[in-house]
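1. Please find the sequence and the predicted model below.
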Amino acid sequence: MRTVYLDNNATTRTAPEVVEAMLPFFSDLYGNPSSMHFFGGQVAHYVKQAREQVAALIGAHPEEVVFTSCGTESDNAAIMGTLYSYPEKKHIVISRVEHPAVQNTAHQLQARGYKVTELGVNREGQLDLDELRAVLSDDTALVSIMSANNETGVLFPIDEIAAIASERGIPFHTDAVQSIGKIPMDLRKTPIDMLSLSGHKLHAPKGVGALYIRKGTRFAPFVVGGHQEAGRRGGTENVPYIVGLGRATQFAMDHLKEENTRVKALRDRLEKALLKSIPNTMVNGDVKNRLPNTCSLSFEYIEGESILMLLSDAGICASSGSACTSGSLQPSHVLRAMGVPFTAAHGSIRFSLSVYNTDEDIDHVIATLPPIIQRLRDISPFWKDYVEGKPMSSFLTGGDVEHHVHG
Ligand code: PLP
């Protein structure tokens, strides 16, 4: 069976060039980069080179790049490392659509007595920057707002957000795990203080990431140990993976144009064809300000998970925005924050492409999905009610779930 992988926001294929670059560091070049002898020194050279490669992709100085184990660690380190540095400040600002790596960290802090403001988004998934201005205070230690949303691909105006935070002298961190490698980033042009990225979203392996910390930004290590990473992250560097991340940033630079032309065109063709051939379908999020590879679609009156399973049976890998987390049939916090109607949020599917996708992949989905949707609607009591003009059940209108939404 043909495999069509359209779940690149979940993880990407490690590029063969990246694997090749990593291999010597599992065998011949196994030294510890902190060792004083030549054997460690030659490895340290490659870590330095990887740091330069990562810095080049984002317009940073190499010494501003700290290697971590993943995007989640980078996010945690940015938040905790800032709070450790400003012990007198007890307020942080995030958005309501952050990844759990930021959102759950903030919720844990809230439980420990911090004040957390979660900025809401409108129907298109966009923030109100006046609201951001209004909530900042002398007690605010950090603003942490993502660059691109993982579910919808919606881009936040991080340059403006950085400027607003900077005017007030408040550090600004952005979770750029989904945007780095897909759209350009130049930290020379914007006052972002910290930025998280993750290897496995840009064709490096899982288990490596980086945190950019602008020179002069107050930061105390989150992972405490030895003096590695200039005292900003303890632990012997994961050299093969760091070398892989370095090579992947080069791969990203080489393919950035293709991502924004060929990959974007594939995404647009897929979206257009599905909107045309399947009634009661909508795009979630601001279509004008979106990652080039991401498409979040809602198919009304059916369950996203059922769609995913039937797509999977046909060899197509996508994602659903309505994961039955902890047994509750709740649509994702992102779609709920956007106010996507329950009739649509339950049937949401995310397609996320990469440079490895082809025209044939898209043709396969365009041919396969419409009959799947029809089949599920044929057995959906909610679709039947809709077609017959009957009122919706409370399950689909949201019923009693309001109290689950974080304020
Ligand atoms: N932030 C965003 C926006 C993400 O999409 C992800 C992964 O899905 C993460 C953070 C976490 O990254 P990692 O899987 O490397 O921990």
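-> Yes, it's here.
2. and the gap between whichever residue of the chain sits closest to the ligand and T11?
-> Using CB to the nearest ligand atom, the closest approach of the chain to the ligand is made by G71 at 2.6 Å. The way it works is simple: take the backbone N, C-alpha and C, and place the C-beta from them, glycine included. G71 sits 11 Å away from T11, going by CB to CB, to the nearest Å.
3. again with S27
-> 26 Å.
4. The two: which is more packed in?
-> More crowded of S27 and T11, by other CB atoms under 10 Å: T11, with 16 against 8.
5. which residues do G71 and T11 both contact?
-> K201 (CB atoms under 8 Å, 6 or more residues apart in numbering).
6. Excluding covalently adjacent residues, which one is nearest to H37?
-> Leaving aside its sequence neighbours, H37 sits nearest to G31 (CB to CB, 6 or more residues apart in numbering; 7.7 Å).
7. circling back: can you pull the phi and psi angles for the residue of the chain closest to the ligand?
-> G71 adopts backbone torsions of phi -60, psi -40, taken as degrees, to the nearest 10.
8. which ones are touching it?
-> Per CB under 8 Å, 6+ apart, neighbours of G71: H99, A101, D175, V177, S196, L197, S198, K201, G209.
9. From these, which land in helices?
-> A101 (DSSP state H).
10. could you redo the contacts of G71 as a markdown table and give each row pLDDT?
-> Below are those laid out as a markdown table (pLDDT from 0 to 100):
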| residue | pLDDT |
| --- | --- |
| H99 | 97 |
| A101 | 98 |
| D175 | 98 |
| V177 | 98 |
| S196 | 98 |
| L197 | 98 |
| S198 | 98 |
| K201 | 98 |
| G209 | 98 |
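11. before we move on, the earlier item: tell me how far the residue nearest to H37 lies from N260.
-> 39 Å.
12. same thing with I316?
-> Per CB to CB, I316 is found 24 Å from N260.
13. the more surrounded of those two?
-> Remark: of I316 and N260, I316 carries more neighbours, 24 against 16, as counted by other CB under 10 Å.
14. mind listing what that one touches?
-> V4, L6, H364, V365, T368, L369.
15. G181 too?
-> By CB under 8 Å, 6+ apart, the neighbours of G181 are L57, L197, K201, L202, H203, A248, T249, A252, L256, E259.
16. Among those residues, name the ones in helices.
-> Taking DSSP H as the definition of helices, the contacts of G181 contribute L57, A248, T249, A252, L256.
17. Nearest residue to R377 in space, ignoring adjacent ones along the chain?
-> Nearest residue to R377, sequence neighbours excluded (CB to CB, 6+ apart): W383, at 4.1 Å.
18. cool, and S320?
-> G304 (3.6 Å).
19. thought D385 was touching T343?
-> No. Counting by CB atoms under 8 Å, D385 stays clear of T343, with 10.2 Å between them.
20. Mutual contacts of the two, please.
-> M392.
21. Name the residue in these two with the higher neighbour count.
-> T343 (20 against 15).
22. Find the helix or strand that the more buried one is a member of.
-> Secondary structure assignment for T343, by DSSP states H and E: helix 342-345.
23. I'd like the distance from that helix to the chain centre, please.
-> Mean-position distance between helix 342-345 and its chain equals 22 Å (CA atoms, centre = their mean, to the nearest Å).
24. what's the nearest residue to E160 if we skip its chain neighbours?
-> Using CB to CB, 6+ apart, the nearest residue to E160 is L129, at 6.1 Å.
25. Would you mind checking which helix or strand in this protein has the lowest mean pLDDT?
-> Using mean pLDDT, DSSP states H and E, helix 394-397 stands out as the lowest-scoring helix or strand of the chain, at a mean of 57.
26. Are we agreed that K390 is in a strand?
-> No. If the criterion is DSSP: H, G, I helix; E, B strand; the rest coil, then K390 is coil and not within a strand.
27. What is the burial count for it?
-> Neighbours of K390 under the rule other CB under 10 Å: 11.
28. With H37 instead?
-> H37: 9 neighbours (other CB under 10 Å).
29. Kindly report the same for P381.
-> As a burial measure, P381 scores 11 neighbours (other CB under 10 Å).
30. swap in M1?
-> Count around M1 with other CB under 10 Å applied: 7.
31. hang on, it packs against G315?
-> Yes. With contact defined as CB under 8 Å, M1 counts as touching G315 (4.4 Å).
32. rewinding a little: how about the contacts of G71 in a markdown table, adding distance to the ligand and neighbour count?
-> Shown next, in a markdown table, are these (distance: CB to the nearest ligand atom, whole Å; neighbours: other CB atoms under 10 Å):
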| residue | distance to the ligand | neighbour count |
| --- | --- | --- |
| H99 | 3 | 20 |
| A101 | 4 | 21 |
| D175 | 5 | 31 |
| V177 | 4 | 29 |
| S196 | 7 | 31 |
| L197 | 9 | 32 |
| S198 | 3 | 29 |
| K201 | 7 | 27 |
| G209 | 5 | 27 |
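33. now, which of the contacts of G71 sits nearest I145?
-> If you rank those by distance to I145 using CB to CB, D175 comes first, at 7.8 Å.
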